[in-house]
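Q: Build me a model from this:
(2 chains)
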Amino acid sequence: MLDLRYVVEHLDDVRAALGRRGEAAKQSLGPIAALAERRSNVMGRLQALREEKNEANAAMAKLDKQGDEFKARRESLKRISDESKQLEAEEREVQTALETALLLVPNLPAPGIPDGQSADDNREVRQHGVKPALSFKPKEHVDLGVALGILDFDRGAKLSGARFSVLKGAGAQLERALMMFMLDLHTRQHGYTEIWPPALVNDESLRGTGQLPKFAGDLFRIAPDWQDGIAPADKPDAPRRELYLIPTAEVPLTNLHRDEILEGETLPIKYTAYTPCFRSEAGSYGKDTRGLIRQHQFDKVELVRFERAEHAEAALEELTGHAEEVLKRLGLHYRVMELCAGDLGNGSKRCYDLEVWLPGQDAYREISSCSWFGDFQARRARIRYREKQGDKPQLVHTLNGSGLAIGRTLVAILEQYQQADGSVCVPTALVPYMGGLEVIQ
RNA sequence: GGAGAGGUGACCGAGCGGUCGAAGGUGCACGAUUGGAAAUCGUGUGUGCCUGAAAGGGUACCAAGGGUUCGAAUCCCUUCCUCUCCGCCA
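A: Below is the predicted model:
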């Protein structure tokens, strides 16, 4: 969420910055300026009225409750009271409209990032390693995995439907090995604290990180007390209490400090967590329907950081490096892309995608996305810090990145480490986590 | 799922419907005292919004929302959360 005051005072700058994302982002500002003016008008009148009311009420306290003056003043106060109730209702209405509008406005892209409309305009920052020189025609991970008996898409579909899969034997073991390997690296080498959070969260948490209200369609939702949108019979007035399956560990990790004022000396705070992630993938029909690339449920190790504003951009470089280190140690070839303004995620100011090479697809595919959010999430979630006692609290900057998506890492290993006979070598770094297994065949 | 008890400031804990942003204590900060510390004494110590150059002033917030009232932390309703006991269960 943007700072309302900043938006109102720098309307042209904000409009221009949002315009870099595209027309829709610019349009999202909509009636905000007009609403803000109405709000300050209403608040002004309300304050004046309240002052009058408070003064009069204080006088009432001292009067004889039986006296005529008390009765007379009570009558006139009644009118002021009614009027202020009306104004309060109006204030609430404007405030709600304003917040609703503001929650839909994307973050301002950082000035230095490339211009562009789509992924085609993203800028390659660097590459690591080279494409493996295969002396045969590389297979896709689906064909390799099914033939090896470690991936089972048919039974995944039987259990749950399209975009679900089953890992078996060395496949399941590889998933677990990757999780352990990544967590060990980030906690022991990179200084992150390991967290094991809930996978179901409330709507307030999703609002904090920005998935709600704008992207509800991408989430799996559960309403435990309700069935088919109907309240339980014995509690007709019960509000709709809802929980959502997390789309990423970013949500619980960032919201750990929602509504908190942190002490400056605790910064930076660095968390990592393995969680399953759930995405409805609405609107992606026909995309990546084969294989593990786009699933409704997948595993991921996430990195989340809380930083002082002045260290945030350096922290993004560091965090990206931490995600890259996973790929380096696994010996996987990849490239780093800086996203252009038009391809940037809703809440982020600057973002690097790590794209791993998939020989079977003859393409680079996103395996990690590392973002700097500025104070966008912190303002929504009210995450602040105080440098030292007596200072004014200020918003932290939040960052996060995949470190990495485990399923896609497994895909990359299958495809980059495949051999002519269809077997797959286990990257050296993972062998200890695989009980010494060196080749899957 | 059944029965009960609660949710007040960093924490503990008071609070007859008006003088309560809220007693008291702890913690913390600063000052005094000390060779230094402990102890002691003094002062200060929430957040948002509006306003002001600043000092300050105004206003809202006592889980959340609604209601009663001229006036609500205090009364009523709803919801959420926490704790204890029982049952069920990984």
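Q: hey, which helix is longest across chain A?
A: helix A:68-103 (DSSP state H).
Q: Against which helices or strands is that one packed?
A: For helix A:68-103, the elements it packs on are helix A:4-9, helix A:32-62, judged by 3 or more CB pairs under 8 Å, 6 or more residues apart in numbering; DSSP states H and E. (Glycine included, C-beta is placed from N, CA and C.)
Q: what helices or strands is the first one leaning on?
A: Translated: helix A:4-9. Looks like helix A:4-9 contacts helix A:32-62, helix A:68-103 (3+ CB pairs under 8 Å, 6+ apart).
Q: try it again with 10 Å
A: Packing contacts for helix A:4-9, counted by 3 or more CB pairs under 10 Å, 6 or more residues apart in numbering; DSSP states H and E, involve helix A:11-19, helix A:32-62, helix A:68-103.
Q: just how off-centre is it within its chain?
A: Chain-centre distance of helix A:4-9: 24 Å, with CA atoms, centre = their mean, to the nearest Å.
Q: Can you pull out the residues in contact with that helix?
A: Applying CB atoms under 10 Å, 6 or more residues apart in numbering, the contact partners of helix A:4-9 are A:1, A:3, A:13-15, A:18, A:29, A:32-33, A:35-37, A:39-40, A:98-99, A:101-102, A:105, A:108, A:379.
Q: how does it look with 8 Å?
A: The list of residues contacting helix A:4-9 from outside it, by CB atoms under 8 Å, 6 or more residues apart in numbering, reads A:Val14, A:Leu29, A:Ile32, A:Ala33, A:Ala36, A:Leu98, A:Leu102, A:Val105.
Q: List the contacts of the first one.
A: Listed by CB under 8 Å, 6+ apart, the contact set of A:Val14 reads A:Leu2, A:Tyr6, A:Val7, A:Leu29, A:Leu108.
Q: if we can go back for a sec, turn the contacts of helix A:4-9 into CSV, including distance to RNA strand B and pLDDT.
A: CSV is the format used below for the contacts of helix A:4-9 (distance: CB to the nearest atom of the strand, whole Å; pLDDT from 0 to 100):
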residue, distance to RNA strand B, pLDDT
A:Val14, 16, 95
A:Leu29, 18, 92
A:Ile32, 14, 92
A:Ala33, 14, 90
A:Ala36, 9, 90
A:Leu98, 12, 89
A:Leu102, 13, 92
A:Val105, 17, 95
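Q: hmm, back to that, out of the helices and strands packed on helix A:4-9, which one sits most buried?
A: Greatest average neighbour count among the helices and strands packed on helix A:4-9 goes to helix A:11-19 (a mean of 16), per mean count of other CB atoms under 10 Å.
Q: Now the element after the longest helix of chain A, going C-ward?
A: Next along the chain after helix A:68-103, taking DSSP states H and E as the criterion, comes strand A:123-128.
Q: Sheet partners, orientation included, of that following strand?
A: Here strand A:123-128 has these sheet partners by DSSP bridges: strand A:334-338 (antiparallel).
Q: Could you identify the helix or strand that succeeds the strand it pairs with?
A: If you walk from strand A:334-338 toward the C-terminus, the next helix or strand you reach (DSSP H and E) is strand A:350-358.
Q: how about that next one as PDB, C-alpha atoms only?
A: Output for strand A:350-358, consisting of C-alpha atoms alone and laid out as PDB, is shown next (Å, rounded to 0.1, in the frame of the first residue of the first chain):
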ATOM      1  CA  ARG A 350      12.600  -4.300  -8.000                       C
ATOM      2  CA  CYS A 351      12.800  -8.000  -8.800                       C
ATOM      3  CA  TYR A 352      15.300 -10.500 -10.000                       C
ATOM      4  CA  ASP A 353      14.200 -13.800 -11.400                       C
ATOM      5  CA  LEU A 354      16.600 -16.700 -11.500                       C
ATOM      6  CA  GLU A 355      16.000 -18.800 -14.600                       C
ATOM      7  CA  VAL A 356      17.400 -22.300 -14.700                       C
ATOM      8  CA  TRP A 357      18.300 -24.000 -18.000                       C
ATOM      9  CA  LEU A 358      16.000 -26.900 -19.000                       C
END
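Q: That strand pairs with which strands, parallel or anti?
A: strand A:334-338 (antiparallel), strand A:363-372 (antiparallel).
Q: mind listing what's buried in the shortest one?
A: Read that as strand A:334-338. Applying a neighbour-count criterion of 16 or more other CB atoms under 10 Å, one finds A:Tyr334, A:Arg335, A:Val336, A:Met337, A:Glu338 buried in strand A:334-338.
Q: Who does the last one form a beta bridge with?
A: Per DSSP bridges, the residues bridged to A:Glu338 are A:Arg123, A:Tyr352.
Q: That one contacts A:Arg126, correct?
A: No - contact between A:Glu338 and A:Arg126 fails when scored by CB atoms under 8 Å: they sit 9.9 Å apart.
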